[in-house]
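[1] any chance you could fold what I've pasted below:
(chains A and B)
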Amino acid sequence: MAENSIVLGMADLMVIRAPARLITLGLGSCIGLVVYDTAAKVAGMAHIMLPNSRGLMGSEKVGKFADTAVPRIIDDMLRLGAVKNRIRAKIAGGAQMFSLPGMSADFLTVGAKNVSETMLRLRSMGIALAAADTGGNKGRTIEFSTSSWMLKVKTLGKGVKEI
Amino acid sequence: MSDMESFNSLQLDTIREVGNIGTGNAATALSGLLSRKIQMTVPKTELVSIYDLGEHYGNPMQIVGAVFVRSLGGFQCSLIFIQNEEDARLMVELLLKQQFGTFIPVGEIPQEMTDSALSEAGNIVLSSFLNAINMLLGTQHQISVPGVAHDMLSSILDVVASIYGQMGETALLVNTELSVEGLEEGRKISGHIILIPDPDALELLLRKLKVM
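    Next up, the predicted model:
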């Protein structure tokens, strides 16, 4: 069966039934989170921008923050028939695009905080992390296929890898 | 003030005019550096949804060269000078030709050196832009060391999205374009200056200029 390609934008969050291809373009400090259950044949992706909503969530997209995106994507997975202890996660992104010598600023290291917060939330929900390609100083484009359950990560100047 | 959508049109015009003054100074500095005439567009003050930033400046997947600095003085902000990778390459070649008197293709020089030329040019543009604003406001001028990156436009703009994303869903940006004139047929060098003011800095600016 042909796979529909779905491109997720900033702060988008989506759970689908196989077959499909979930894509996010040009992740910098943002995180691409993928969750899947190969037996139930459902998968989800979220494009997370920031680690923590600090309880300040207003009308904002639920995929924007790691602490709101992770519980929601797992809920949506369960609703489509996934079983919690079968769900696996993969993450990519969380780069630091600029470093200014001699200067540390919160917004420059937000990528690393996105990674640690996303991992923490997954762990606290009991979701196993199957693979990760995070950090560094380069942007990433990611593509998850439900035919292979692999996450293709393209990095400028470093080619493509599958995790 | 953290609600970016609450500015009135007089305030937005004032912010744009401040951008205009900065751009004029940046154009003069770049012109001196490259010994070429520089054309500038009238700056725009833009309220952009943080979710649309990636598309706002063109194809989100296009490869760009970007120089980033932080203003640490009285008027706190972040500034980015952003160019198509090809434009950045031509600018570096022009700059090196000015310095050494002969043309050296960028491919023949270590990237460390071309990046250092790019970050220096970006630093001069951004520092001149900021200096004009500090002069106008009477605030102290202090600027970080520049950081340079080559990557997808949307990855670069994550920096802007994460700064504004902490406060809401709208980014207030001052956007202007500089173009180098008098180049060989078929060549062009242009770059965007994006000013990302801290919310407190906007309030300071509007108070000092008596529109708040």
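[2] not counting residues beside it along the chain, what's closest to the residue of chain A found nearest chain B?
    Nearest residue of chain A to chain B, counting by Cβ to the nearest Cβ: residue A:139, 2.6 Å away. Bear in mind the C-beta positions are built from the backbone N, C-alpha and C, glycine included. Spatial nearest neighbour of residue A:139, chain neighbours left out: residue B:155 (2.6 Å); criterion: Cβ to Cβ, 6 or more residues apart in numbering or on different chains.
[3] report the separation between that neighbour and residue A:92.
    The spacing between residue B:155 and residue A:92, counted by Cβ to Cβ, to the nearest Å, is 12 Å.
[4] overlap of the contact sets of those two?
    A:27, A:140 (Cβ atoms under 8 Å, 6 or more residues apart in numbering or on different chains).
[5] neighbour count: the two, which is higher?
    Neighbours per residue, other Cβ atoms under 10 Å in any protein chain shown: of residue B:155 and residue A:92, the larger number sits with residue B:155, 31 against 28.
[6] A strand includes that one, no?
    No: checked against DSSP: H, G, I helix; E, B strand; the rest coil, residue B:155 lies outside a strand; its state is helix.
[7] quick check, it in contact with residue A:97.
    Yes: counting by Cβ atoms under 8 Å, residue B:155 does reach residue A:97; the two are 6.1 Å apart.
[8] quick check: buried residues in the lengthiest strand in chain B?
    Longest strand in chain B, counting residues (DSSP state E): strand B:170-180. Buried residues in strand B:170-180, defined by neighbour count with 16 or more other Cβ atoms under 10 Å in any protein chain shown: B:170, B:171, B:172, B:173, B:174, B:175, B:176, B:178, B:179, B:180.
[9] residues from chain A in reach of chain B?
    By Cβ under 8 Å from any Cβ of the partner chain, the residues of chain A that approach chain B are A:9-11, A:25-30, A:49-50, A:59-61, A:64, A:95, A:97-103, A:105, A:107-108, A:110, A:137-141, A:156.
[10] repeat the analysis, applying 6 Å as the threshold.
    Chain A comes close to chain B at residues A:10-11, A:25-26, A:28-30, A:49-50, A:97-101, A:103, A:107, A:110, A:139, A:156, as judged by Cβ under 6 Å from any Cβ of the partner chain.
[11] ok, residues contacting the longest strand of chain B?
    Outside strand B:170-180, the residues within contact range by Cβ atoms under 6 Å, 6 or more residues apart in numbering or on different chains are B:4-5, B:19, B:23, B:27, B:36, B:38-41, B:43-48, B:50, B:160, B:164, B:189-195.
[12] whichever of the residues of chain A next to chain B end up buried, select them in PyMOL.
    Buried subset of the residues of chain A next to chain B, written as a PyMOL selection, criterion 16+ other Cβ under 10 Å:
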select buried, chain A and resi 10+11+25+26+28+29+30+49+50+97+98+99+107+110+139
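[13] what residues does the residue of chain B at minimum distance from chain A make contact with?
    The minimum distance from chain B to chain A, using Cβ to the nearest Cβ, falls at residue B:155 (2.6 Å). Taking Cβ under 6 Å, 6+ apart, we find residue B:155 in contact with A:26, A:28, A:139.
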